[in-house]
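Peer 1: how does the following fold in three dimensions:
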Amino acid sequence: MFGIKKRRRERVLAQPFPPGWARAIERGVPYWRLLTEPERVELRGHVQILLDEKEFVGAGGLEMTEEIAAIIAAQAGVLLLNREHDYFPKLRSIVVYPDTYRAPATREGLTGQAEETVERRLGESWAAGTVVLSWAGVLRGAADPTDAHNVVFHEFAHQLDAEQPRSNGAPRLGSGRAYAAWAEHMGDAFRGLVDDLEQHRRTVLDGYGATNAAEFFAVVTETFFERPHALREQHPELYALFVAFYRQDPAERLPT
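Peer 2: Numbers count the residues shown, from 1 in each chain. Below you'll find the predicted structure:
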């Protein structure tokens with residue numbers, strides 16, 4: 001099966017990159033301009049593979065186009081640059097709504113009992129193989145590559161986390177020593193964020209990251225790529241951990 005997949009991908013990568021996709025990415029993904037030319041070449045290939053292997057589906061009245069899919073895939077592909085990977089292997093489909101969408105949720109009520117409710121969302125990631133996105137949220141997240149809010153980075157980070165049996169904020173790392181270092185530095189930073197929020201201290205990390213370990217990993221991913229200087233200053237060990245994992249140093253791309 002691996003040989004078949006490899007040959008198929010080679011055929012896909014041998015095809016010319018569609019000009020319409022290139023124009024859409026240049027217009028809709030400002031982060032593209034921060035990449036080196038070798039990184040852009042690699043990212044084009046990631047876009048080709050993702051559009052070939054994943055199903056992009058419009059929902060809620062959105063008509064899916066290849067340009068929309070390319071803009072999403074280009075942002076997701078940034079997380080794969082320079083790394084060994086298998087293109088989010090558990091992911092099968094990306095469902096895109098035109099704007100925020102309503103989804104059922106369970107919350108703890110005033111009595112302490114679980115209550116069913118409905119939330120408005122910009123995105124979510126399912127371990128079963130689906131990412132759901134708001135197209136308006138995708139565009140807003142991409143528009144400013146320095147604000148640490150990017151719904152595609154966030155939800156596809158969850159897909160990296162889901163490559164492990166449990167989504168617990170520890171993606172596939174490869175060795176016991178790596179997991180030990182990850183647990184130490186991520187645990188310290190997570191507890192630090194919770195303490196900062198309780199003490200009403202300003203922090204570079206969005207407070208949503210204090211929800212649980214999985215959300216913390218996704219929030220740190222957004223911050224790592226879009227506010228790297230501030231993350232490196234406030235959390236140098238955490239920043240070094242993410243440089244080692246993503247095989248990238250966004251502080252070298254972004255101006256101070």
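
Peer 1: when you work out contacts or count neighbours from here on, use the C-alpha atoms and nothing else.
Peer 2: Noted.

Peer 1: how is the protein carved up into domains?
Peer 2: Under automatic domain parsing, the residue ranges defining each domain of the chain are 1-163, 168-256.

Peer 1: any idea where the strands of this structure begin and end?
Peer 2: Applying DSSP state E to the chain gives strands spanning 55-58, 93-97, 101-108, 114-121, 123-126, 130-134.

Peer 1: most tightly surrounded among those?
Peer 2: When these are scored by mean count of other C-alpha atoms under 10 Å, the highest mean neighbour count falls to strand 130-134 (a mean of 23).

Peer 1: what does that one contact?
Peer 2: 91-101, 121-125, 151-152, 155-156 (C-alpha atoms under 8 Å, 6 or more residues apart in numbering).

Peer 1: re the thing from before, nearest to residue 141, out of the strands of the chain?
Peer 2: Distance to residue 141, taken as C-alpha to C-alpha, is lowest for strand 130-134 among the strands of the chain, at 10.3 Å.

Peer 1: what's the average pLDDT for that closest one?
Peer 2: Across strand 130-134, the average pLDDT comes to 97.

Peer 1: could I have the CA atoms of that strand written out in PDB?
Peer 2: The C-alpha coordinates for strand 130-134 follow below in PDB (Å, rounded to 0.1, in the frame of the first residue of the first chain):
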ATOM      1  CA  THR A 130     -13.100  15.600   9.800                       C
ATOM      2  CA  VAL A 131     -12.200  19.200  10.200                       C
ATOM      3  CA  VAL A 132     -15.000  21.700  10.100                       C
ATOM      4  CA  LEU A 133     -14.200  25.400   9.300                       C
ATOM      5  CA  SER A 134     -16.000  28.700   8.800                       C
END
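
Peer 1: now that strand and strand 114-121, what's the angle there?
Peer 2: The directions of strand 130-134 and strand 114-121 differ by 60 degrees, with axes from the mean of the first three to the mean of the last three C-alpha atoms, to 10 degrees as the criterion.

Peer 1: what distance separates strand 130-134 from the middle of the whole chain?
Peer 2: Computed by C-alpha atoms, centre = their mean, to the nearest Å, the chain-centroid distance of strand 130-134 equals 11 Å.

Peer 1: which parts of this protein are helices?
Peer 2: Ranges of helices in the chain, per DSSP state H, are 2-13, 19-28, 37-53, 66-78, 135-143, 151-161, 176-198, 213-226, 228-234, 236-246.

Peer 1: check which residues of the shortest one are buried.
Peer 2: Buried residues in helix 228-234, defined by neighbour count with 16 or more other C-alpha atoms under 10 Å: 228, 229, 230, 231, 232.

Peer 1: which residue comes closest to the first one once chain neighbours are left out?
Peer 2: Read it as residue 228. Nearest residue to residue 228, sequence neighbours excluded (C-alpha to C-alpha, 6 or more residues apart in numbering): residue 251, at 5.1 Å.

Peer 1: isn't residue 123 right up against residue 156?
Peer 2: No - at 10.1 Å, residue 123 does not count as touching residue 156 under the criterion of C-alpha atoms under 8 Å.

Peer 1: so residue 13 touches residue 50, yeah?
Peer 2: No - counting by C-alpha under 8 Å, residue 13 does not reach residue 50; the two are 11.0 Å apart.

Peer 1: the two: who's more crowded?
Peer 2: residue 50 (22 against 16; other C-alpha atoms under 10 Å).
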